[in-house]
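J.: Please find the sequence and the predicted model below.
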Amino acid sequence: MSKRTEILEKTYEILTIDDERACRDIPDSACREAPGNFFLNAGNGALTKLAEQIASPSLVLPWLLGAMGAPASLSGFLVPLSKSGSLMPQLLVSSRIRKYSRRKYFWVAAGYTQALSLLLMIPLTLFVGGLWGGIGILLMLALFSISSGVASVSFKDVMAKTIPKGKRGTLLSIRATVGGALALGAGAWLMISGGEDEPIAFYGALLAVAAILWLVATTLFAFIREYPGATDGGRNAIDEAQKGWQLLTEQKDFRNFVIARSLLLGVPLVIPFYSLFARELGTGLSGLGLFVMANSLAMVLSSYFWGRLADRSSKHAMAYGGMVGTAAALLALGLGWLMGGEYTAWWLATVIFITGFAQAGTRMGRKTYLVDAAPKDERPLYVAVSNTLVGIIFLSSALIGLLAGLIGVQGVIIVFTLMMVAGSLMALRLPDAGFEA
């Protein structure tokens, strides 16, 4: 055993508390490769999460569209395209991916496609601009998000085959924590170097860095040692979703959960409009760096708090997340009416931090509630139906963004605030136990 391999395995044992080197649920051949695969996967996750913050659809891309001279209404399509594009393809590709014995190559192909979509945004930013440049950015984001959906299905299978049970939570937490810490550093650099001017070339450079990070992350994933696995057992999730229509119409509690989850989409959907709001109040690029830092800090700090609350009462995690998001929106509206000047960026960074904290609560609460409430044997059906409907609702919510040209950014924030209030109240009405007809 080489010195490098020995250090790698010792570090792996320390991080995963692996005293006996016991592997569960994966064969011995995969177990021997687990330490190397663990760090390749962790590096992949840290780099992609950093890239996601540098080219964030909720924070950075709205500023990019504004600097390009694209209509403000286009910003309302950013998060819906990002979220729906990554949700709905999963239903189409999951059963097909499971027909292949090695699935990492689907992630690799999707990762290189995502890097390409980021690279193609650069000429749109530098040389096209305006309405058509903005539409081009949205099309590239849609391609990026659809690829993300394919990668998500592949990732779950590859992790299950290469990382032992009991180590996967540690892996995911390292991916998120290291990625968040790196994003904090990137935000600090933006805040220091950004200044008040907005040279369009600066946004092109951000996209280039994000694309390079994605290329490196994809290459790391390609080096994961995945042994051939079973090719049976794949389910046709579309058939499940079709069968789930009857479930949705007959089970009132499940229907109310989907309604509550849909209304609480106001929390992530409002974030791009905070970015636009900041631009309206005269915040420069240094403020954007501050916002990236705030969002990254919320990502790092929020998981443990909401996880503990969700274990006690997941419906309250959903509801309280919506309430915290409402408070942040009211603070943002108050800033628009009462404030201005040099401290505005710091106050809006506080709003974005609180909203990021709230988003983690609604996300963790609804994931935990669905897992706990759905019958074990039918859980995939509940998940398929819920994700399909929410993906469609995410996409249709882009229509709300079109209102920005009519009622202004503040008016759109008010609409999303009302959604959060209604979603919180609906979540509180959900039963504590399982779904009943």
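T.: Sure, I can see it. Residues are numbered from 1 along each chain as shown.

J.: All the strands of the protein, residue numbers only.
T.: Using DSSP state E, no strands are found in the chain.

J.: roughly how far apart are the closest residue to residue 213 other than its chain neighbours and residue 104?
T.: Nearest residue to residue 213, sequence neighbours excluded (CB to CB, 6 or more residues apart in numbering): residue 51, at 4.0 Å. Every C-beta, even on glycine, is put in place using the N, C-alpha and C of the backbone. Per CB to CB, to the nearest Å, residue 51 is found 19 Å from residue 104.

J.: if we can go back for a sec, enumerate every residue touching the residue nearest to residue 213.
T.: 118, 209-211, 213-214, 217 (CB atoms under 8 Å, 6 or more residues apart in numbering).

J.: how far away is it from residue 225?
T.: From residue 51 to residue 225 the distance is 24 Å (CB to CB).

J.: returning to that earlier point: of the contacts of residue 51, buried ones?
T.: Using 16 or more other CB atoms under 10 Å as the burial test, the contacts of residue 51 include 118, 209-211, 213-214, 217 as buried.

J.: could these be laid out in TSV, adding pLDDT?
T.: As requested, the buried ones among the contacts of residue 51 are arranged in TSV below (pLDDT from 0 to 100):
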residue	pLDDT
118	96
209	95
210	95
211	97
213	96
214	96
217	95
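
J.: Just give me the closest of those residues to residue 291.
T.: residue 210 (16.2 Å; CB to CB).

J.: Touching, that closest one and residue 119? I think so.
T.: No. Residue 210 is not in contact with residue 119 according to CB atoms under 8 Å; the separation is 9.3 Å.

J.: who's in contact with the nearest residue to residue 135 once chain neighbours are set aside?
T.: Leaving aside its sequence neighbours, residue 135 sits nearest to residue 74 (CB to CB, 6+ apart; 7.3 Å). Residue 74 makes contacts with 65, 131, 134-135, 137-138, 401, as judged by CB under 8 Å, 6+ apart.

J.: ok, now residue 294?
T.: Counting by CB under 8 Å, 6+ apart, residue 294 has contacts 187, 349-350, 352-353, 356.

J.: Please enumerate the helices of the stretch 201-350 of the chain.
T.: Here the stretch 201-350 of the chain has its helices, by DSSP state H, counting those that start in this stretch, at 237-250, 252-263, 266-280, 285-312, 314-338, 344-373.

J.: Spatially nearest residue to residue 360 (excluding sequence neighbours)?
T.: residue 302 (3.8 Å).

J.: For that neighbour, list the residues it contacts.
T.: 356-357, 360-361.

J.: mind checking which helix or strand of the protein has the lowest mean pLDDT?
T.: Ranked by mean pLDDT, DSSP states H and E, the helix or strand of the chain with the weakest confidence is helix 3-16, at a mean of 57.

J.: In the chain, where's the longest helix?
T.: helix 130-162 (DSSP state H).

J.: Quick one: mean pLDDT for it?
T.: Averaged over helix 130-162, pLDDT sits at 86.

J.: Check which helices and strands it is in contact with.
T.: Helix 130-162 sits against helix 28-54, helix 60-68, helix 78-87, helix 89-97, helix 104-123, helix 168-194, with contacts defined as 3 or more CB pairs under 8 Å, 6 or more residues apart in numbering; DSSP states H and E.

J.: quick one: the residue lying closest to residue 200 once chain neighbours are set aside and residue 278, what's the gap?
T.: Nearest residue to residue 200 in three dimensions, chain neighbours excluded: residue 67, at 5.6 Å (CB to CB, 6+ apart). Going from residue 67 to residue 278 by CB to CB gives 13 Å.

J.: Those two - which one has more neighbours?
T.: residue 278 (29 against 17; other CB atoms under 10 Å).

J.: Quick one: residues contacting that one.
T.: 287-288, 291, 344-345, 348.

J.: can we see that at 7 Å?
T.: Neighbouring residues of residue 278 by CB atoms under 7 Å, 6 or more residues apart in numbering: 287, 345, 348.

J.: okay but residue 121 is in contact with residue 135, surely?
T.: No. Counting by CB atoms under 7 Å, residue 121 sits too far from residue 135 to count as a contact (11.9 Å).

J.: Looking at these two, which one has more neighbours?
T.: Legend: neighbour count by other CB under 10 Å for residue 121 and residue 135, higher for residue 121 (27 against 16).

J.: tell me the pLDDT at that one?
T.: 96.

J.: from memory the residue nearest to residue 200 sits against residue 203, does it?
T.: Yes. Between residue 67 and residue 203 there is a contact under CB under 7 Å: 6.0 Å.

J.: Name the residues contacting each of these two.
T.: Common neighbours of residue 67 and residue 203 (CB under 7 Å, 6+ apart) do not exist.

J.: and stretch 421-428, average pLDDT?
T.: 96.

J.: Only C-alpha atoms, please: export that stretch in CSV.
T.: Only the C-alpha atoms of stretch 421-428 are listed here, as CSV (Å, rounded to 0.1, in the frame of the first residue of the first chain):
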residue,chain,number,x,y,z
VAL,A,421,-48.6,33.1,4.4
ALA,A,422,-51.2,30.8,2.8
GLY,A,423,-48.7,27.9,2.6
SER,A,424,-47.8,28.2,6.3
LEU,A,425,-51.4,28.1,7.4
MET,A,426,-52.1,25.1,5.1
ALA,A,427,-49.0,23.3,6.6
LEU,A,428,-50.3,23.8,10.1
